[in-house]
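*Asks:* Need a 3D model of the sequence below.
(2 chains)
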Amino acid sequence: MRLSFRSLRLRQQFDLWMGRIGQQWLYINAVLAFAFLYLPIAILIVYSFNNSRYNVVWRGFTWGWYESLLKGSDGLGLGTQIGTAGMGGSVLTALQNSLLVAGISTVVSTIFGTLLAIAMERGHFRGRSAIATLIYLPIVMPDITMGISLLVFFTLCFKLLETVTGIYLTLGITTVIIGHITFSLSFVTVIVRARLADLDPALEEAAMDLGANEWQTLWGVTLPLLWPAIFSGALLAFTLSLDDFVVTFFVAGVGSTTLPLFVYGMIKFSVTPAINAISTLMLLASMGLVIASLASASQSASS
Amino acid sequence: MENNAVDLIDISKQFANSARSDSFAVENLNLAIAPGEFFSLLGPSGCGKSTTLRMIAGLETPTRGEIFIYGERMQSRPPYHRPVNMVFQHYALFPHLNVLENVAFGLEMEHLSRSQVRQRAMEMLDLVKLNSLTSRYPRQLSGGQQQRVALARALVKRPRVLLLDEPLGALDLKLRKAMQLELKHMQKQLGITFIYVTHDQEEAMTMSDRIGVMYEGHLLQVGSPFEVYEYPATRFVASFIGESNILSGRVVQQHPNVIDVLVDEHWSLQVSRKGKGEPIPTDRRVSLAIRPEKVFLSSVQENPENSPCPNCCNGTIKEAIYLGTDTCYLIELNPHHQIVVRRQNVHSKGFHAYRPGISVQVVLPPESLCLLEDRDC
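*Replies:* Have a look, this model is predicted:
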């Protein structure tokens, strides 16, 4: 009896210590994981303020790289570095392209994605479950597969068009936009559909019972309740489009360089803090959009 | 048929994607509901009562059969073109609209002028006593208030038939009782036909002019609360509405006024012949139902040399449960049969009348016994 009591005490003591050690380790593990994830990004941001042409040595703090980007001037002589006249100008062109592509692809994919989600969740037609599975495919498909398949598709289309009508088309901003719509569409559909699945179908039935036809029900009840999810989907589509490199790389042509493509082009010449500055700005923009998207989604979930 | 508010003619509903593909949610249902009637569809969950209501509303399409509302054929007419409105089980209030907008929603679909919409919505909110909460949103309302908004939203459309799908299910008991009376009062005042779906037999008894009892997609019996309680048509009705003691037996002999039913080898009971219904042939297996409060109890000593009394037997009190208004006794008549008997607690000391273990004399009056043909339910 006495022995078992003592061993119980020992056991408890042991468990207590193990628990404490476990907690410490959990904490250390979390710190390491976060360091692994965010240290490179932190370094990127810090060196964007480096008063040097090279990334390796710290030569003091400066806003110079940001100023030169925003002013669109040569700034610290990058123009000669890269071999283009007015590097800032081409940054702005790339930004303009990026915003144009993101804007149009977001609007189009949001409209069609929402309609697709409604069709899949509320419609009764053949092959509904097949479409539901297929819509996930672009999300899991490797970007490179998508990029190559789009390139092959566009080339084929252009060739066909040329032989039939004689009109000659090349890759450009339009093909980039179409490519971005292809992958954004899936994300919008998935987000809107999740919200729609949570929506009590009795609400729409109540609207119809009260005399609203299908269109009036859509505009009066379904869409107002879906807005947060639609907005969230649109923000995600915008972010994805702004950040996309791989798909854009395959389907872009002359004059349709987006910001990620431009950064890639710069790296070919030299890794200067200007790249860090652009990357930092893109990071901030993306983070802002993602946070807004999450906030909107959680608001839609709670209402 | 034009004289009826609602006619359901041989309605069946089979859900395409149900687990048992051969099962019917509703099967061959015939029902006529008179104008201004408060009709309840009563049954356990999954009996098809909600499906029937939804078919009247146009939210489900019958697989077979026809629905007429005030003589008009409703075949393939969408919900928004039917002269009925519905109060949904969980109210289904629009969360993005406030109380006034919720009530006005249906009126705006009728292309009325803005002032008319507002006036009629406000009138209806006055009726349900919510005129002080017009700018609240549904999530800011209590269950009872939400229920009133749902009611106002449906009534403001001035439907010819109001459909209610367990509208009081989510309310607590006190509020539910109050709302039952209020609903009944409102129905009388407005003169609208109400079709009320519930699984609560007491609720159905309180409010209805007539009750339709449903089980497994079939309408077993339609009648006034009195008829359904006093003359249940089937075993299921007898046990679902109120309590019943059910004994199985066999018809052995027919007399002009009574039928002899053999329950046990040595135990036969006389049952009064009720006026209606087809005669039941001799030798048919039947069930006998009797309500616990209709059984007579007396102590054996009180009645030592009793005159020949039909349906008398002796039993032993097994349990006595005090329930406030009455006391419930479980009595063993013989090793195979136990019955439940209720006695009202008229006197404060009444509870101690029969203690467990005491022998009593039990009388099952022939006129209180219901003869039920053995069917599936």
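*Asks:* alpha carbons only for contacts and neighbour counts from here, please
*Replies:* Noted.
*Asks:* Any buried residues in the helix or strand in which residue A:159 is found, and which?
*Replies:* Assigned by DSSP states H and E, residue A:159 belongs to helix A:143-165. Neighbour-count burial for helix A:143-165, counted by 16 or more other CA atoms under 10 Å in any protein chain shown, picks out A:143, A:146, A:147, A:148, A:150, A:151, A:154, A:155, A:158, A:159.
*Asks:* swap in stretch A:115-125?
*Replies:* A:115, A:116, A:117, A:118, A:120, A:121.
*Asks:* Contact partners for the closest residue in space to the fourth one that isn't next to it in sequence?
*Replies:* So the one you mean is residue A:118. Closest residue to residue A:118 apart from its sequence neighbours, by CA to CA, 6 or more residues apart in numbering or on different chains: residue A:193 at 6.9 Å. Neighbouring residues of residue A:193 by CA atoms under 8 Å, 6 or more residues apart in numbering or on different chains: A:114, A:117, A:118, A:120, A:121.
*Asks:* Three-state assignment for residue A:193, please.
*Replies:* Using DSSP: H, G, I helix; E, B strand; the rest coil, the structure places residue A:193 in helix.
*Asks:* I'd like the distance between it and residue A:136.
*Replies:* Separation of residue A:193 from residue A:136 (CA to CA, to the nearest Å) stands at 12 Å.
*Asks:* Pull up the gap between residue B:296 and residue B:217, please.
*Replies:* Taken as CA to CA, the span from residue B:296 to residue B:217 is 37 Å.
*Asks:* average pLDDT for the helix holding residue A:159?
*Replies:* The pLDDT scores in helix A:143-165 average 92.
*Asks:* which SS class is the closest residue to residue A:135 other than its chain neighbours?
*Replies:* Take residue A:135 and drop its neighbours on the chain: the residue closest to it by CA to CA, 6+ apart is residue A:186, 5.6 Å away. Following three-state DSSP, the label given to residue A:186 is helix.
*Asks:* give me the residue from the stretch 101-250 of chain B nearest chain A.
*Replies:* Closest contact between the stretch 101-250 of chain B and chain A, by CA to the nearest CA, is at residue B:106 (4.7 Å).
*Asks:* Can you check the pLDDT for residue 73?
*Replies:* I'll assume chain A. At residue A:73, the pLDDT recorded in the model is 45.
*Asks:* I was after chain B.
*Replies:* Residue B:73 is given a pLDDT of 92.
*Asks:* Tell me where the stretch 201-303 of chain A is predicted with low confidence.
*Replies:* A:270, A:299-303 (pLDDT under 70).
*Asks:* Quick check: closest non-adjacent residue to residue B:316.
*Replies:* Per CA to CA, 6+ apart, closest to residue B:316 is residue B:359, 4.5 Å.
*Asks:* if I pick that neighbour, what's in contact with it?
*Replies:* B:299, B:300, B:314, B:315, B:316, B:317.
*Asks:* Tell me the helix or strand right after the host helix or strand of residue A:95.
*Replies:* Residue A:95 belongs to helix A:87-122 when assigned by DSSP H and E. Next in sequence after helix A:87-122, counting helices and strands by DSSP H and E, comes helix A:128-134.
*Asks:* Residues of the stretch 51-200 of chain A that sit close to chain B?
*Replies:* Within the stretch 51-200 of chain A, the positions near chain B by CA under 8 Å from any CA of the partner chain are residue A:200.
*Asks:* Right, and chain B sits closest to which residue of chain A?
*Replies:* residue A:211 (4.0 Å).
*Asks:* picking up where we left off before, please render the contacts of residue B:359 as CSV that adds secondary structure and neighbour count to the earlier fields.
*Replies:* Formatted as CSV, the contacts of residue B:359 follow (DSSP: H, G, I helix; E, B strand; the rest coil; neighbours: other CA atoms under 10 Å in any protein chain shown):
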residue, secondary structure, neighbour count
B:299, strand, 16
B:300, helix, 16
B:314, strand, 17
B:315, strand, 23
B:316, strand, 21
B:317, strand, 21
